[in-house]
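Participant: Here is my input, please return the structure:
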Amino acid sequence: MSLFAAAEAENRRHAQPLAMRMRPRTLSEFVGQQHFLGEGKLLRRLIKANRLTALLFYGPPGTGKTTLAHLLATETRCRFRQLNAVTSGVKDLRAVLDNARDILSAEGTRTLLFIDEIHRFNKSQQDALLPDVEEGTVVLVGATTSNPFFAVNSALVSRSRVFEFQPLCEDDILTLLQRTLLDRERGLGSQEVNLHDDAAAFLASTCDGDARQALSALEIGVLSTDERPVNFTFELAAESVQRKAVQYDRDGDTHYDAISALIKSIRGSDPDAGIYWLARMLEGGEDVRFLTRRLVILASEDVGNADPRALQVAVAAMQACEFVGLPECQLSLAQAVAYLACAPKSNAATVAIGEARADVREGRTVPVPTHLRDKHYAGAKRLGHGEGYEYAHNAEDGVASQDYLGVEREYYRPVDRGFEAELGKRLEVIRAKLRESRQE
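Facilitator: Here you go, the predicted model:
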């Protein structure tokens with residue numbers, strides 16, 4: 001070991017950002033993710049039993065995936081090795097796996113292999129992991145910000161336990177901030193910082209559950225202030241926080257989760273939530289045409305005839321977006337979302353077409369009644385096609401008393417909301433007259 005090794009290590013430690021220095025050294029210091037790491041929860045039980053095999057950590061940045069991987073190696077007395085799927089290839093992967101086998105054979109020590117951004121490995125790279133995972137040569141911990149059920153090979157997912165990391169709550173972030181201010185060795189305990197309550201609350205709320213972002217803002221504010229003690233006010237906190245990059249992947253699960261939240265908010269008649277999810281998708285760079293298509297579908301699927309104008313509003317918004325474009329077309333989208341959310345809801349038409357198509361698919365087909373068949377070709381009269389057909393406009397109320405299906409079926413069942421309630425009353429009269437013709 002070099003005579004200067006200790007000094008070199010200390011220099012490297014001081015060069016580390018605050019978030020890196022404050023990484024917890026034991027599980028007791030780890031904050032958050034109690035839904036799978038709390039006492040009696042699955043991962044905690046696996047650690048105590050030392051039965052870790054393959055784990056997939058899935059969640060947004062700054063929630064502790066890398067930190068927990070380090071702690072797992074310590075708790076299970078494994079060697080820790082790390083690869084990044086963006087910069088590592090099959091050759092790097094095989095070298096680590098070969099070394100892990102040698103160490104296991106010679107010393108009986110397992111290796112915890114942490115692969116960051118594991119979804120970036122291609123299929124052959126992911127398949128190369130399978131034999132050593134199955135034999136227990138390595139404890140695999142893969143981290144990803146993308147849903148592994150979409151982004152990771154099914155063979156690897158089936159051999160792994162998936163743990164979803166949630167953004168840290170504001171109380172967790174506040175705990176980390178206070179711990180940092182008290183820690184004289186790794187944190188800012190020697191800096192004499194007076195963190196105002198409103199400044200701490202601001203940092204905790206604006207970091208979106210990302211501990212790294214909150215600690216970085218705290219460090220920037222302290223190091224950029226010459227006065228001692230540091231009076232860390234709300235204004236200083238606001239200056240220290242950079243504009244957040246919206247975590248949004250147009251091709252990943254955040255895309256599907258966000259549109260699901262938008263549709264369900266509108267269906268649930270919450271315009272405020274609908275506007276928020278619309279803003280989230282727009283800020284993330286979502287395709288406007290995708291949004292307008294979904295709103296047009298929703299207008300028929302979830303509003304329907306309870307408010308027939310909903311479809312007109314959605315189609316008009318779609319046309320306006322094509323004509324105007326961003327950023328101004330956000331106004332048309334917001335108008336459509338607000339209208340659709342406040343409109344009375346009915347899925348009667350959606351249910352009706354679903355049931356009718358199910359009947360057709362399952363073989364319950366009905367021949368076209370003879371009187372409804374086309375009679376405008378030579379020979380149709382000889383077959384009797386069209387005979388007995390009653391022209392509806394000749395009836396006094398515009399409803400001819402005749403059978404249009406040949407069997408008793410009721411697919412469309414209007415709800416008692418909005419305009420569809422009126423349609424339902426009219427339909428009762430119509431169906432009574434049509435029923436008479438079938439009985440005759």
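
Participant: how about V366, what does it touch?
Facilitator: 405-407 (Cβ atoms under 8 Å, 6 or more residues apart in numbering). For the C-beta atoms, the positions are set from N, CA and C on the backbone; glycine is no exception.

Participant: For those residues, point out the one with the lowest pLDDT.
Facilitator: Lowest pLDDT among the contacts of V366: G406, with 76.

Participant: right, and that residue touches T365 too?
Facilitator: No: using Cβ atoms under 8 Å, G406 is not in contact with T365; the gap is 10.7 Å.

Participant: And those two? Which one has more around it.
Facilitator: Neighbour tally, G406 and T365, criterion other Cβ atoms under 10 Å: the higher count belongs to G406, 13 against 8.

Participant: coming back round to it: so which of the contacts of V366 are in strands?
Facilitator: Among these, no residue falls in strands (DSSP state E).

Participant: Dump those residues into a markdown table; add distance to L311 as well.
Facilitator: Output for those, formatted as a markdown table (distance: Cβ to Cβ, whole Å):
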| residue | distance to L311 |
| --- | --- |
| L405 | 26 |
| G406 | 31 |
| V407 | 30 |
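
Participant: Now stretch 193-213: buried residues?
Facilitator: 193, 195, 199-204, 206-213 (16 or more other Cβ atoms under 10 Å).

Participant: And the average pLDDT for that stretch is what?
Facilitator: So the average pLDDT for stretch 193-213 ends up being 87.

Participant: same thing with stretch 333-352?
Facilitator: Stretch 333-352 comes out at a mean pLDDT of 95.

Participant: now stretch 140-159
Facilitator: 88.

Participant: Which residues in it does the neighbour count mark as buried?
Facilitator: In stretch 140-159, residues buried by neighbour count (16+ other Cβ under 10 Å) are 140-148, 151-153, 156-157, 159.

Participant: and if you look at stretch 299-309?
Facilitator: 299-308.

Participant: Can you lay out these as CSV showing pLDDT and distance to D102?
Facilitator: Formatted as CSV, the buried residues of stretch 299-309 follow (pLDDT from 0 to 100; distance: Cβ to Cβ, whole Å):
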residue, pLDDT, distance to D102
A299, 96, 64
S300, 96, 63
E301, 95, 59
D302, 96, 60
V303, 96, 65
G304, 94, 66
N305, 95, 71
A306, 95, 69
D307, 96, 70
P308, 95, 72
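
Participant: From the residues you listed, pick the one nearest R120.
Facilitator: E301 (36.4 Å; Cβ to Cβ).

Participant: which SS class is that closest one?
Facilitator: helix (DSSP: H, G, I helix; E, B strand; the rest coil).

Participant: who's in contact with the residue nearest to it when sequence neighbours are not counted?
Facilitator: Leaving out its chain neighbours, the residue that sits closest to E301 by Cβ to Cβ, 6 or more residues apart in numbering is T350, at 4.9 Å. Shown in contact with T350 (Cβ under 8 Å, 6+ apart): 300-302, 304.

Participant: between those residues, which is closest to D132?
Facilitator: E301 (47.9 Å).

Participant: what comes up buried for stretch 222-231?
Facilitator: 222, 225, 230.

Participant: Helix or strand: which one has the first one?
Facilitator: Under the criterion of DSSP states H and E, V222 resides in helix 211-223.

Participant: Let me know the closest of the contacts of V366 to R101.
Facilitator: The nearest one, if we look at the contacts of V366 relative to R101 and count by Cβ to Cβ, is V407, at 69.6 Å.

Participant: And for the closest one, the neighbour number?
Facilitator: 11.

Participant: thinking again about what came up before, how near is the residue nearest to E301 to R357?
Facilitator: In this view, T350 and R357 are 11 Å apart by Cβ to Cβ, to the nearest Å.

Participant: what's the answer for R186, then?
Facilitator: 64 Å.

Participant: Kindly report the same for T225.
Facilitator: 67 Å.

Participant: if we can go back for a sec, which other helices and strands does the helix holding V222 contact?
Facilitator: helix 18-21, helix 170-182, helix 197-206, strand 230-232, helix 234-240 (3 or more Cβ pairs under 8 Å, 6 or more residues apart in numbering; DSSP states H and E).

Participant: roughly how far is it from the heart of the chain?
Facilitator: 28 Å (Cα atoms, centre = their mean, to the nearest Å).

Participant: Output the below-cut-off pLDDT ranges for the stretch 201-350 of the chain.
Facilitator: Residues of the stretch 201-350 of the chain meeting the criterion pLDDT under 70: 242-253.

Participant: Please work out how many residues are found near E410.
Facilitator: There are 9 residues near E410, going by other Cβ under 10 Å.

Participant: Just read off the phi/psi values of the residue nearest to it when sequence neighbours are not counted.
Facilitator: The shortest distance from E410 to any non-neighbouring residue, by Cβ to Cβ, 6+ apart, is to R431 (7.5 Å). Dihedral pair for R431: phi -70, psi -30, per degrees, to the nearest 10.

Participant: How confident is the prediction for R431, by pLDDT?
Facilitator: 88.

Participant: okay, now it: neighbour count?
Facilitator: Counted with other Cβ under 10 Å, R431 comes out at 13.
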